[in-house]
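1. my questions are about this predicted structure, shown below with the sequence.
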Amino acid sequence: MRDWLGGIAAWLSQGINCALLSGNPDMTLSARCYLNRHKPRWRTAYRIINRLFFWQQDHCQRSFRSDVVYAIYVLKVSQNGKIIPRDPTSGQL
């Protein structure tokens with residue numbers, strides 16, 4: 001159930017980033033805030049989101065790294081056509 005809710009949350013975040021902010025549909029809003037944290041408005045959003053997820057150490061950075069790890073996973077699968085077992089909690093393939 002927790003994975004399902006996390007998936008729904010990521011889907012909503014990607015939807016907001018894509019539909020409302022003209023961002024990449026494969027990137028969460030948190031990851032985009034981390035990527036653009038040097039820009040004033042994004043820095044504000046970065047701080048707000050990290051405060052909302054106060055129980056996580058730098059939620060936006062974790063989200064960005066998770067998006068990157070998943071992108072690498074997709075590239076590896078597409079190169080060899082096999083599904084590679086991975087531990088989604090480890091942040092590594």
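-> Perfect, I can see it now. All values derive from a computational prediction rather than experimental measurement.

2. how near is Phe54 to Gln79?
-> Relative to Gln79, Phe54 is positioned 39 Å away (C-beta to C-beta, to the nearest Å). The way it works is simple: take the backbone N, C-alpha and C, and place the C-beta from them, glycine included.

3. Ala10 now?
-> Ala10 sits 24 Å away from Gln79, going by C-beta to C-beta.

4. same thing with Arg2?
-> For Arg2 relative to Gln79 (C-beta to C-beta), the value is 31 Å.

5. same thing with Leu35?
-> Taking C-beta to C-beta, one finds Leu35 at 25 Å from Gln79.

6. looking at the two, which has the bigger crowd around it?
-> Leu35 (19 against 8; other C-beta atoms under 10 Å).

7. show me where the protein has helices.
-> Counting by DSSP state H, the chain has helices at residues 2-15, 29-35, 40-52, 59-80.

8. which of those is buried the deepest?
-> Scoring the helices of the chain by mean neighbour count under mean count of other C-beta atoms under 10 Å gives helix 29-35 as the most buried, with a mean of 24.
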